[in-house]
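> take this sequence and fold it.
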Amino acid sequence: MAVVLTIEHVRKALRDHRAGKSRYDLLDAAVRGLALRVGKSGCRWSLRLRWGDQQRRWDLGAVAERDHEGIVLQTARNWALEAKEQARRGIYPEPFLDRLTGRTAPSASSARPRKPEMRWEAAVATFLNVLYDPNQPEAATHRPATRKDYASKLQTVELNRFRGRPVAAITREEIAEAVNTTCKRAYDMGCGSLRSLKSFYGWLRDPARVRETGVTVSIADLRPAPRPRSERGAPGLAFDPQTELRGKAPPEIEMGRLLAISRSGALPQSVSLGFQLLLASVQRRRQTIGADTRRIFTFDEAPDERAWFVPPFFRKTRKRGSQSHLIPLVGFGATAHDSLAELAKADGRPWLLPHRDRTVNAPAGVNLLNRWIERLPGISCSTHGGRYAFATYGPRDLSFARSEARLILDHSEGLEPDDVTGQFYCNDPAIARKREMMNRWIAWLEHWCSEAIVKDGLLSDAVALRAALRPASGRED
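Residues are numbered from 1 along each chain as shown. So this is what the prediction gives:
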């Protein structure tokens with residue numbers, strides 16, 4: 001039975017040893033695993049803890065009542081706590097204890113090389129910490145959303161089987177089995193987990209840290225299990241021709257409703273203007289949130305228009321050149337920009353949608369518009385809805401050529417990915433055609449905004465509309 005050891009227990013143990021009493025152990029309830037062992041040869045401190053699937057015991061030295069005579073109670077506890085913390089982080093504690101107790105490790109010539117003992121959970125934690133540390137080179141190659149995705153994909157239920165095990169002892173076959181089990185439960189999750197594992201194992205077996213991790217196997221060629229077959233559009237299932245014709249594009253009236261709500265006065269001013277900029281430019285939420293007054297200009301030949309040079313940073317891939325993507329802002333898009341620019345000037349920061357903390361020189365959180373659109377009554381689309389609508393209704397209603405919407409939606413200015421001449425020699429942003437397309441798009445949105453207000457009078461009542469907002473699911477910024 002464990003007890004909280006005190007100096008009196010130490011004195012009694014020393015007296016029992018001198019009296020030659022029988023051997024016994026006193027377990028310390030204050031630090032689990034620490035014991036005071038009394039025997040014929042003396043009184044010794046001992047630490048016992050689990051390392052992997054084994055119980056290990058280390059001798060910490062002779063028990064003493066006074067510090068200069070040996071190891072006193074508090075010192076033994078401090079050593080034990082530090083050794084337990086190292087073991088918890090996946091670090092083998094014996095070198096640390098050898099250094100404290102003065103034991104000499106075996107020489108390199110006589111000792112068998114010790115296999116690295118970095119445990120699964122410690123390796124995952126270290127990998128994620130490196131990705132989140134802006135001073136590390138790995139962090140510069142991954143966006144915050146990617147690092148967040150890695151954290152979730154490396155902690156799936158199926159990977160819990162590796163907890164407590166050295167990463168060097170985990171085989172390719174075990175990784176493949178865990179991934180395939182995840183695929184059976186949720187196929188896309190399994191594929192995402194495998195992609196994260198490949199990046200993780202590439203980091204583990206990097207020559208700069210392989211001596212620490214011991215990982216030499218490669219899983220780069222592993223493939224997920226085949227996707228389960230599913231028959232789409234089987235006879236007898238319910239069918240909606242409008243949904244079939246629209247695809248992922250929201251109904252036209254919903255696009256108009258979103259514009260009407262953003263103009264109603266029911267939303268905070270910056271959020272309202274942010275939605276108008278999102279609809280007018282048809283860019284992704286990241287581009288809209290990151291809009292910067294230093295990249296939006298007015299030219300003499302088009303005083304009512306704003307030219308937005310979207311930087312290549314916001315491309316989904318950064319491997320397709322360094323040229324900005326030019327978007328003309330017309331109609332209410334230009335007006336929304338001007339209002340946001342005035343707010344930015346008063347704020348003192350260049351961001352059209354700045355961070356809520358004035359001491360932070362950065363745009364608002366990337367989920368700002370996502371969280372607000374979830375609250376809007378009668379809106380079921382995401383912030384991507386406008387892009388689907390532009391690509392779907394443009395050819396049908398606005399005389400866009402087939403696939404011409406990519407002039408606005410695609411950061412490669414509508415060029416084919418294998419068009420070497422266009423990619424490297426053509427610098428024409430097709431501004432005349434873009435201006436024509438965007439003017440038609442703005443007129444289309446204005447029409448459906450009017451239709452939405454006629455259909456639902458609530459859209460012209462800011463008070464009632466504000467009361468109809470859905471509850472917030474989290475912080476808006």
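
> for residue 36, grab phi and psi.
Main-chain dihedrals, residue 36, degrees, to the nearest 10: phi -100, psi 110.

> number of residues surrounding the nearest residue to it once chain neighbours are set aside?
What sits nearest to residue 36 in space, not counting adjacent residues and going by CB to CB, 6 or more residues apart in numbering, is residue 26, at 4.3 Å. Quick note: C-beta positions are derived from backbone N, CA and C, even for glycine. By other CB atoms under 10 Å, the residues close to residue 26 number 20.

> look up how far residue 277 lies from residue 380.
For residue 380, the distance to residue 277 (CB to CB, to the nearest Å) stands at 21 Å.

> for these two, work out which one has more neighbours and name it.
Per other CB under 10 Å, whichever of residue 380 and residue 277 has more neighbours is residue 277, with 28 against 11.

> residues contacting that one?
Residues near residue 277 by CB atoms under 8 Å, 6 or more residues apart in numbering: 288, 291, 329, 333, 336, 337, 340, 352.

> what about 6 Å?
288, 336 (CB atoms under 6 Å, 6 or more residues apart in numbering).

> and it, which helix or strand is it part of?
Per DSSP states H and E, residue 277 falls inside helix 269-281.

> any idea of the mean pLDDT in that helix?
Here helix 269-281 scores 96 as its mean pLDDT.

> buried ones in that helix?
Neighbour-count burial for helix 269-281, counted by 16 or more other CB atoms under 10 Å, picks out 270, 271, 272, 273, 274, 275, 276, 277, 278, 279, 280, 281.

> would CSV of those with distance to residue 303 be doable?
As requested, these are arranged in CSV below (distance: CB to CB, whole Å):
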residue, distance to residue 303
270, 25
271, 28
272, 25
273, 21
274, 24
275, 25
276, 20
277, 19
278, 24
279, 22
280, 17
281, 19
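
> give me the buried positions along the helix or strand hosting the residue nearest to residue 36.
In this assignment (DSSP H and E), residue 26 forms part of strand 24-27. For strand 24-27, a neighbour-count test (16+ other CB under 10 Å) marks 26, 27 as buried.

> C-alpha coordinates for that strand, CSV please?
In CSV, the C-alpha atoms belonging to strand 24-27 read as follows (Å, rounded to 0.1, in the frame of the first residue of the first chain):
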residue,chain,number,x,y,z
TYR,A,24,10.6,-4.3,2.6
ASP,A,25,9.5,-1.6,0.1
LEU,A,26,7.7,1.7,0.9
LEU,A,27,5.8,3.1,-2.2
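
> what lines up beside that strand in the sheet?
If you go by DSSP bridges, strand 24-27 pairs up with strand 34-39 (antiparallel).

> report the rounded mean pLDDT for the strand it pairs with.
The average pLDDT for strand 34-39 rounds to 90.

> in it, what counts as buried?
In strand 34-39, counting by 16+ other CB under 10 Å, buried: 34, 35, 36, 37, 38.

> ok, now stretch 69-80?
70, 71, 72, 73, 75, 76, 77, 79, 80.

> before we move on, what about stretch 339-353?
339, 340, 341, 343, 344, 349, 350, 351, 352, 353.

> now the closest residue to the first one other than its chain neighbours: how far from residue 332?
Using CB to CB, 6+ apart and skipping residues adjacent in sequence, the residue nearest residue 339 is residue 273, 5.4 Å away. Here the criterion is CB to CB. By it, residue 273 lies 10 Å from residue 332.

> now residue 74
Applying CB to CB to residue 74 and residue 332 gives a distance of 72 Å.

> chain center to the helix holding residue 277, what's the gap?
26 Å (CA atoms, centre = their mean, to the nearest Å).

> what do you get for stretch 446-463?
The answer for stretch 446-463 is 38 Å, by CA atoms, centre = their mean.

> likewise for stretch 159-176?
23 Å.
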